[in-house]
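Asks: need a structure here:
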Amino acid sequence: MNSSLRSIAKVSRRSKKCSVPLGLIWVHLGAAHRVTPWPEVRFERRYDDEWIPIQPSVDALASAARACGPVEWRPYLEFVPADVREFLGRFAFGRMEALQVAARCPDLLPALADAPALTSFVAAHASLRGAGAACWDEINAIHERSGIFGVMEWLGLPASRQTLAILRAIAEPDVPKRLLEPLRTQLWEPRTIFALQRLPAITDRQLARFCNALAA
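Replies: Predicted coordinates for the structure are as follows:
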């Protein structure tokens with residue numbers, strides 16, 4: 001085979017490799033984990049030669065965030081709808097959680113795109129509510145019945161336009177998990193609302209300072 005034919009063959013092989021949706025694979029505690037392509041978005045763990053569906057733990061998702069950077073995400077996102085791809089592009093460390101929220105609660109996407117920081121609360125709803133498992137169907141039912149304010153109330157947040165405005169102003173939507181519960185508590189405090197509303201953009205450092213100072 002001459003060099004031209006070899007080049008064509010290489011291009012053909014690359015095209016075939018990119019012609020089907022790709023999953024994302026990472027290792028957590030010595031075991032291979034993966035998330036299957038959109039729109040299924042099923043999380044699985046490998047046991048021997050078989051992939052078994054799981055509910056990913058917080059630690060497993062944290063491992064995914066460390067292992068899956070822009071290079072690993074790029075081929076996966078090629079097969080995600082443009083609006084979802086744009087939404088996920090706002091997240092760095094919490095992108096896997098955002099993917100899960102977008103796949104499980106697609107009707108929430110317009111509201112979450114408007115206030116991306118709310119995604120972190122939705123993703124962590126099981127721990128915030130003290131539930132033993134994720135409740136995606138319940139979130140969808142509440143949203144269908146009462147809209148995004150119903151979901152906020154269910155999450156324990158003040159269901160108000162003021163809260164949404166503050167969440168919109170959070171500069172990075174990857175709100176650290178350690179701040180979610182104290183921030184939720186402080187958003188019920190009038191002095192916190194007044195102070196945060198005055199900030200055009202709220203950083204993680206400012207959130208931490210407010211949570212620590214006002215909780216003391």
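
Asks: Mind jotting down where the helices sit in the chain?
Replies: Listed in chain order, the helices of the chain (DSSP state H) span 3-17, 58-67, 70-77, 82-88, 95-104, 109-114, 118-123, 125-128, 136-154, 161-169, 177-186, 190-197, 204-215.

Asks: which of those helices sits most buried?
Replies: Of the helices of the chain, the one with the most neighbours on average (mean count of other Cβ atoms under 10 Å) is helix 118-123, at a mean of 26. (C-beta placed from N, C-alpha, C; glycine too.)

Asks: Just list what it packs against, helices and strands only.
Replies: With contacts taken as 3 or more Cβ pairs under 8 Å, 6 or more residues apart in numbering; DSSP states H and E, helix 118-123 sits against helix 95-104, helix 109-114, helix 136-154, helix 177-186.

Asks: redo that, cut-off 7 Å
Replies: Packed against helix 118-123, as judged by 3 or more Cβ pairs under 7 Å, 6 or more residues apart in numbering; DSSP states H and E, are the following elements: helix 95-104.

Asks: Residues contacting the helix it packs on, please?
Replies: 35, 38-39, 41, 61, 64-65, 73, 84, 87-88, 91, 109, 112, 119, 122-123, 136 (Cβ atoms under 7 Å, 6 or more residues apart in numbering).

Asks: Now do the contacts for the nearest residue to residue 131 once chain neighbours are set aside.
Replies: Among residues not flanking residue 131 along the chain, residue 125 sits closest, at 7.4 Å (Cβ to Cβ, 6 or more residues apart in numbering). With Cβ under 7 Å, 6+ apart as the criterion, the residues that contact residue 125 are 135, 139, 155.

Asks: lowest-pLDDT helix or strand in this protein?
Replies: Using mean pLDDT, DSSP states H and E, the weakest-scoring helix or strand in the chain turns out to be helix 3-17, at a mean of 41.

Asks: any idea how far residue 174 is from the residue nearest to the spatial centre of the chain?
Replies: Centroid check for the chain by Cα atoms, centre = their mean gives residue 98 as the closest residue, at 1.6 Å. In this view, residue 98 and residue 174 are 9 Å apart by Cβ to Cβ, to the nearest Å.

Asks: Between those two, which contacts overlap?
Replies: residue 91.

Asks: Do you know the pLDDT at the nearest residue to residue 176 once chain neighbours are set aside?
Replies: Computed as Cβ to Cβ, 6+ apart, the closest residue to residue 176 that is not its neighbour in sequence is residue 204, at 6.2 Å. pLDDT recorded at residue 204 is 89.
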